[in-house]
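Undergrad: no sequence on this one, just coordinates:
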């Protein structure tokens, strides 16, 4: 059986944008300014290939078996993630133009929730998105990606890692708790209901 390896993500990855989209689920609507699946996919593929945005390959790692990507994790120090907020919006506006503004005016509660969302503390290394393809389930890909992100945190001098998870995602919550993450807060906003979870690494 081939061993799973974790490598720096490639801008040419054919599933990078798809995995980001899978991880975000309904939060992708406000970001892309539409519920059209084709437009959302195209938008996230372009974000993935671009630099200096929250959903860029620059901040991602892929779990691969041979040449096949099985999953992806997007992670960064919170301070870097926060600095990417404005460049990400600028890139989204460049891609979607006034459709982005129109959608978010019509769904202003979703937009308000996104722009006021505080996901992490400044002393944390944050796991922004994590997703695995259905065919990789049961291989421990998510666990390996999280451990890899934690190693990156320690390498970069941070002693805590964090993530957010939808309250209804019971399987993910169970996994994170098994890996040592504890619920440290809740985010309750229109259209968003999340737990904030954190783990001390050293």
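TA: Now that the structure is in, tell me what you want to look at. This structure is a prediction, so every number in the text was calculated from the model and none was measured. Numbering: from 1, shown residues only.
Undergrad: Excluding chain neighbours, what is closest to residue 9?
TA: Closest residue to residue 9 apart from its sequence neighbours, by CB to CB, 6 or more residues apart in numbering: residue 60 at 3.7 Å. No exception for glycine: its C-beta is placed from N, CA and C like everyone else's.
Undergrad: Now for that neighbour, how many residues are close by?
TA: 23 (other CB atoms under 10 Å).
Undergrad: So it sits against residue 16, correct?
TA: Yes - here residue 60 reaches residue 16: they are 6.5 Å apart, a contact under CB atoms under 8 Å.
Undergrad: shared neighbours of those two, anything?
TA: 9, 48, 72 (CB atoms under 8 Å, 6 or more residues apart in numbering).
Undergrad: Scan those and report the most crowded one.
TA: Highest neighbour count within these: residue 72, with 30 neighbours (other CB under 10 Å).
Undergrad: so where does it fall, helix or strand?
TA: strand 68-77 (DSSP states H and E).
Undergrad: Quick one: name whatever helix or strand follows that strand.
TA: helix 78-83.
Undergrad: Who are the packing partners of that following helix?
TA: Applying 3 or more CB pairs under 8 Å, 6 or more residues apart in numbering; DSSP states H and E, we find helix 78-83 packed against strand 125-132.
Undergrad: Name the strands paired with the strand it packs on and say parallel or antiparallel.
TA: strand 68-77 (antiparallel), strand 160-166 (parallel) (DSSP bridges).
Undergrad: Please render these as CSV that adds distance to residue 28 to the earlier fields.
TA: As requested, the strands paired with strand 125-132 are exported to CSV (distance: least, CB to CB, whole Å):
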stretch, distance to residue 28
strand 68-77, 13
strand 160-166, 13
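Undergrad: Residue 109 is nearest to which of these?
TA: Closest to residue 109 of the strands paired with strand 125-132, according to CB to CB: strand 160-166, at 16.8 Å.
Undergrad: Can you give the distance from the closest one to the centre of its chain?
TA: On the basis of CA atoms, centre = their mean, to the nearest Å, strand 160-166 sits 10 Å off its chain's mean C-alpha point.
Undergrad: could you pull out the helices for the protein?
TA: Taking DSSP state H, the helices of the chain run over residues 16-24, 28-32, 37-49, 78-83, 85-96, 98-106, 108-115, 141-155, 170-178.
Undergrad: ok, and what's touching the fourth one?
TA: Defining contact as CB under 8 Å, 6+ apart, one finds that helix 78-83 is touched by 54, 59, 119, 120, 121, 122, 123, 124, 125, 126, 128, 162.
Undergrad: If anything else comes up later, I'll come back, but that's it for now.
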